[in-house]
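Participant: Below: sequence and its predicted model.
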Amino acid sequence: MSVAKRLPLAGVKVADFCWAIAGPTTTKYLAIYGAQVVKVETHSRPDSTRISPPFAGKPSRNSSLHFGILAPSKLSLSLNLKEPRAQEIARRLIAWADVVTENFSVGQMGEWGLDYERVRAINPKAIMLSSSQQGQTGPHAGHPGLGGMLQALTGFNHFTGWPDREPLGPALPLPDMIAPWFSIIAIIAALEQRQRTGQGQYIDLSQLEAGLQFLAPGLLDYTVNGREGERRGNASDHAAPHNAYRCQGGDRWCAISVRSDAEWHALCDAIGRSELRQDARFDTLLKRMQHSAALDAVITEWTSRRDARQVMEQLQAAGVPASVVANGRDLHEDPQLHHRGHFITVDHQRMGRYPVDAPAFRISGLEPDVRPAPLLGEHNEFVCRELLRMPESEYQDLTNAGIFS
Amino acid sequence: MSSPSPAATFLPLGRYRVLDLSDETGALCGRLLGDLGADVLKVEPPGGDPSRNRAPFYHDEAHPEKSLSWWAYNCNKRGITLDIAAADGKVILKKLVATAHFFITTFPPNYMPSLGLGYSELAKLNPGLIEIAITPFGREGPYSAYTGDDIVAMAAGGMMNLCGTEDRPPLRMGIPQSHAFVGAQAAVGAMIAHAKRLATGEGSSVDVSMQEAVANMLTNTQQHWFAEKEVEHRGEKHLYGGRLTRGVFPAKDGYIASHIFWGPGPGGRMRGLAQWMQDKGFETTIKNTDFNKVTGGAITQGQVDAWEGEMAAFFSRFTKDEIYREALRRRAFLFPVSSPRDLLENEQLKARGFFEPVNHPEMKADVIYPGAFLRYHGAAQSIRRRPPLIGEHNSEVYVDELGYSRDELICLAEAGVI
């Protein structure tokens, strides 16, 4: 606890009603930088990531590694919020908290009597985040869908893919991974403002609107130029070669990008083909753009007989931008990520040792406090007795009544 | 709260100043701090930030004052030009640093120290300063000298491997995403360092890696390898309950996102579509199947493919808009693969007033921008300033604020310092 006291968010209390990915990623960052995050969840409908693979050992509600990386350093309070007495405990937790977070379907918190109007009545200084697919207001608020589908609605797939094939996108719920960054900065900014003014705050984050920030250049191309955008494979406006190139050993690839004559000359020399500098198909950028297919063939001839990481390191040593197309194994074996301590190992009472991904930033003089994810309901007694100051008899009574289920 | 109110924009960072020396990899970081109210000074080299030369351009006119990519991420900033390598440039930068709170750079790791402007030097002038240094792989370590652009970062962080078809190379996403990924996460680092400063008064140097920012956009790729020694594969079809399934289907005028669901709970998501098929008199086995009772182990890949074939045949009769309207009415799990036009016409975004006109007097035009990234109490974080012209605020900053004379400014301009 002495370490935790020095963390920047030490003393910030979070009543965390989040589940799945977007919300929990937000509160993960609050937790590892010192906030006391009480995750409210239930046995009756477990957080979807608690029951999704991969598992460490036997699948159970306490062995999902996906949950493991989303919930480090949090406390778990299991409450069956369908029960009025459980809702009453939730209200006491809200009264205790500085920050209230949730990312349920629009209207769900209201059904439990925990919407912002009532949160504000209980705790006017609370800062509440509601993160939802399309926002709390408007005619489509509450339309059901999954993150991967919202990725399509946002338009990521429209711009991604091969011109002669259907739209593609990364196989993950991208808006869920975008929303947290906006949520975190909004909460920290609101906390500071509250310190000055005593003012509470309600934050309505639409994952659609957050995701659209990442497509702004394409949207402006439409509003200004009327251009609808298109799928262009790996083509670039200003670089050739610019692609992923096949390397030795199955599905192995190295991305290479050449943006200038200098990088082109460096590439020619690095692959032992200095004569290509004078090749009339490739001796200017415009010609390289025009003959990119021929260029890809020349480069593949060299890369396909080499190991992907060797290609990366050899080209980078020559000053050519290049990288292994990293898969899960490459990330674990990446010397740079290793140097940065990207994988922070924690020791979990059921899962054993597992790695949690570090943030993308290192702040001087500050290490995040990354501790194992909680078991479901692990901190019921601590939260009720220590944080909410509940008498022993009441806690026992609630336990017997099945409120913590 | 029930409807967006015209309440004043909430500007919690209104008392802070940001010096933003970044290119396209850091622009969103400064933009977000500006959206929250900070006074962001974009400090560009004389002639302008090189990333002003990124397409698309206003009316396709390739000109540094007309880059839409640059506009997109440089609203809510003022702009000055400065050669920080020149002796006078260093003096000016140090004066600005003395009163600044955040300092964003995207230079190669050793560049600022080589100019005598490393964090330890700057912190002597301003111990509370937060430096945010964005580089492709991080400032230290075996790859720290490596260069990289978007495709390299998307490869190094693992996103490309999850995107594409099995028979072709891994794919980059269509609009450079690593810049947005790292810009947004750099803003998180900046705000956590800011919380530290509020608690202790101490500044920080924040070292941000594009590779790591991309890796932190994956969901559980790393854990799949850790637990199962399994490498995920890209493809049009994705594993769902042990079977390969589609996520995208053709409609009459484009594509839609849909999915087949089964099992207790998720199976219920098929009801809206099944009912719609039935209402249309469409011949299908889907409407007679209780997907809540279907289990992955009990059905073959062939059965999944057959159901998806029926879905595809049904969807191909309708436009994206017709499908989404029915989906909204029936709470069915169907979405369009939106084009920009679809988004501008999207009823939800219209109702929330998401898109904002921003006046560009030089173009004699209002330009429609994507608006706020979130709302506080119903008040959106609106665009208060269009992106700056090159050196637009030189006089405001150098003369009015720092006290240089007009003659000195002319001298610095002629010498190429500003």
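Facilitator: Looks like it came in fine.
Participant: got the buried residues for stretch A:140-147?
Facilitator: Burial within stretch A:140-147, assessed by neighbour count using 16 or more other Cβ atoms under 10 Å in any protein chain shown, is assigned to A:140-143, A:145-147. All C-beta spots, glycine's among them, are computed from the backbone N, C-alpha and C.
Participant: what residues does it touch?
Facilitator: With contact meaning Cβ atoms under 8 Å, 6 or more residues apart in numbering or on different chains, stretch A:140-147 is reached by A:20-22, A:105-107, A:132-135, A:153, A:172-176, A:207, B:259, B:269, B:327-328, B:331, B:333, B:335, B:347-348.
Participant: And the residue nearest the centre of the chain?
Facilitator: Since no chain was named, I'll use chain A. Residue closest to the average C-alpha location in chain A (Cα atoms, centre = their mean): A:M177, at 3.5 Å.
Participant: look at chain B instead
Facilitator: Ranked by distance to the mean C-alpha position of chain B (Cα atoms, centre = their mean), the top residue is B:A180 at 3.3 Å.
Participant: ok, now which ones touch A:R306?
Facilitator: A:R306 makes contact with A:247-248, A:314, according to Cβ under 8 Å, 6+ apart.
Participant: isn't B:E65 right up against B:P388?
Facilitator: No - in this structure, B:E65 sits apart from B:P388 without contact. The criterion is Cβ atoms under 8 Å, and the distance is 9.9 Å.
Participant: Show me which of the two is the more surrounded one.
Facilitator: Higher neighbour count among B:E65 and B:P388: B:P388, with 21 against 18, using other Cβ atoms under 10 Å in any protein chain shown.
Participant: Now that one: closest residue in space, sequence neighbours ignored.
Facilitator: Counting by Cβ to Cβ, 6 or more residues apart in numbering or on different chains, B:P388 lies nearest to B:G79, which is 2.8 Å off, once chain neighbours are set aside.
Participant: and that neighbour, helix, strand or coil?
Facilitator: strand (DSSP: H, G, I helix; E, B strand; the rest coil).
Participant: Against chain A, how distant is it?
Facilitator: When Cβ to the nearest Cβ, to the nearest Å is applied, the distance between B:G79 and chain A equals 18 Å.
Participant: Is there a neighbour count for that residue? I'd like the number.
Facilitator: B:G79 sits with 23 neighbouring residues when counted by other Cβ under 10 Å.
Participant: mean confidence score for stretch B:299-314?
Facilitator: The predicted model gives stretch B:299-314 an average pLDDT of 96.
Participant: part of a strand, is A:G57?
Facilitator: No - under three-state DSSP, A:G57 sits outside any strand and is assigned coil.
Participant: got the contact list for it?
Facilitator: The neighbourhood of A:G57, defined by Cβ under 8 Å, 6+ apart, consists of A:63, A:350-352.
Participant: Apply the buried test to the residues you listed and list what passes.
Facilitator: For these, a burial check counting by 16+ other Cβ under 10 Å picks out A:63, A:351.
Participant: Name the pair among the contacts of A:G57 with the greatest separation in space.
Facilitator: Using Cβ to Cβ, the pair of the contacts of A:G57 lying farthest apart is A:S63 and A:G352, separated by 9.6 Å.
Participant: quick one: common contacting residues for those two?
Facilitator: Counting by Cβ under 8 Å, 6+ apart, the shared contacts of A:S63 and A:G352 are A:56-57.
Participant: so who does the closest residue to the residue nearest to the centre of chain B other than its chain neighbours touch?
Facilitator: Counting by Cβ to Cβ, 6+ apart, A:F214 is the residue found nearest to B:A180 once chain neighbours are left out, at 4.1 Å. Taking Cβ under 8 Å, 6+ apart as the criterion, A:F214 is in contact with A:156, A:178, B:175, B:177, B:180-181.
Participant: 7 Å instead, please
Facilitator: Residues touching A:F214, when contacts are defined by Cβ atoms under 7 Å, 6 or more residues apart in numbering or on different chains, comprise A:178, B:177, B:180.
Participant: Great, nothing more from me.
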